[in-house]
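Colleague: one predicted model, sequence on top.
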Amino acid sequence: MEDPKARANVFFIGLMGAGKTTVGRAVAKRLDRPFFDSDLEIEARTGVKIPLIFEHEGEQGFRVRESLVIDDLSQQSGIVLATGGGAVLAPQNREWLNQRGLVIYLRANPHDLWLRTRRDRNRPLLQTEDPRAKLESLYTVRDPLYRECAHFTIETGRPSINALVNTVLMQLE
Ligand code: S3P
């Protein structure tokens with residue numbers, strides 16, 4: 001008989017720099033599952049980079065595209081999906097993710113997130129004078145939303161990618 005867990009989706013949520021893509025990709029590889037990243041999927045569908053979408057359509061336009069992609073991808077089964085940091089802002093996205101798979105919140109404190117993202121130029125929300133303060137305010141607003149949507153939370157402070165992947169896999173057993 002088919003193992004129902006083999007068909008369960010795994011969704012990663014968390015702020016920019018939390019490691020959703022890196023950990024998600026590694027988990028998918030270990031489980032031999034297809035991996036998707038909602039940002040890469042939006043770029044593939046539109047043919048343009050995320051910063052350009054923000055420039056032309058604003059954050060609101062980007063969020064519409066993000067919801068479409070999350071709805072589409074989450075209807076599959078057996079996939080691993082890394083979502084963009086703001087995916088949990090829309091209540092409908094939170095509901096889809098929570099109901100259609102196992103949702104893992106990769107949590108890190110704003111200071112570590114800032115250290116990991118400070119040289120990055122591809123995240124429009126961090127192109128401000130004070131990205132550190134921005135990450136703190138995003139954390140304040142979003143941490144409760146991530147917790148509401150997730151089935152469990154993993155702290156990403158010190159552990160290596162491999163240790164994080166093993167923690168995720170343990171939760172799937
Ligand atoms: C965003 C996070 C980004 C990307 C966009 C907006 C956010 O994804 O979707 O720049 O609102 O936190 P990552 O979390 O993969 O960097």
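Modeller: Yep, that arrived.
Colleague: surely F152 and L172 touch.
Modeller: No. F152 lies out of contact with L172 (CB atoms under 8 Å); the separation is 10.6 Å. No exception for glycine: its C-beta is placed from N, CA and C like everyone else's.
Colleague: does stretch 143-161 reach the ligand?
Modeller: No. Using CB under 6 Å from any ligand atom, stretch 143-161 stays clear of the ligand, coming no nearer than 11.0 Å.
Colleague: can you show me the CA trace of that stretch as CSV?
Modeller: The C-alpha trace of stretch 143-161 is given here as CSV (Å, rounded to 0.1, in the frame of the first residue of the first chain):
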residue,chain,number,x,y,z
ASP,A,143,6.3,35.9,13.4
PRO,A,144,2.7,35.5,14.7
LEU,A,145,1.5,34.7,11.2
TYR,A,146,4.3,32.1,10.6
ARG,A,147,3.3,30.5,13.9
GLU,A,148,-0.3,30.5,13.0
CYS,A,149,0.3,28.8,9.7
ALA,A,150,3.0,26.3,10.7
HIS,A,151,2.7,22.8,12.0
PHE,A,152,6.0,23.2,13.6
THR,A,153,8.9,25.6,14.0
ILE,A,154,12.6,24.9,13.7
GLU,A,155,15.2,27.3,15.1
THR,A,156,17.9,28.0,12.5
GLY,A,157,20.4,29.8,14.7
ARG,A,158,23.5,27.6,15.0
PRO,A,159,22.9,24.2,13.3
SER,A,160,24.5,23.3,10.0
ILE,A,161,22.3,22.8,6.9
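Colleague: show me what the longest strand anywhere in the chain is packed against.
Modeller: In the chain, with assignment by DSSP state E, the single longest strand is strand 101-107. Contact analysis of strand 101-107 by 3 or more CB pairs under 8 Å, 6 or more residues apart in numbering; DSSP states H and E lists strand 9-13, helix 131-149, strand 152-155, helix 161-172 as its packing neighbours.
Colleague: just the residues contacting the helix or strand following the first one, thanks.
Modeller: Proceeding C-terminally, strand 9-13 gives way to helix 20-31 as the next helix or strand, assigned by DSSP states H and E. When contacts are defined by CB atoms under 8 Å, 6 or more residues apart in numbering, helix 20-31 is touched by residues 10, 12-14, 33-35, 37, 79-83, 85, 106, 156, 161-162, 164-165, 168-169, 172.
Colleague: following helix 20-31, which helix or strand comes up?
Modeller: With elements assigned by DSSP H and E, the helix or strand that comes after helix 20-31 is strand 35-37.
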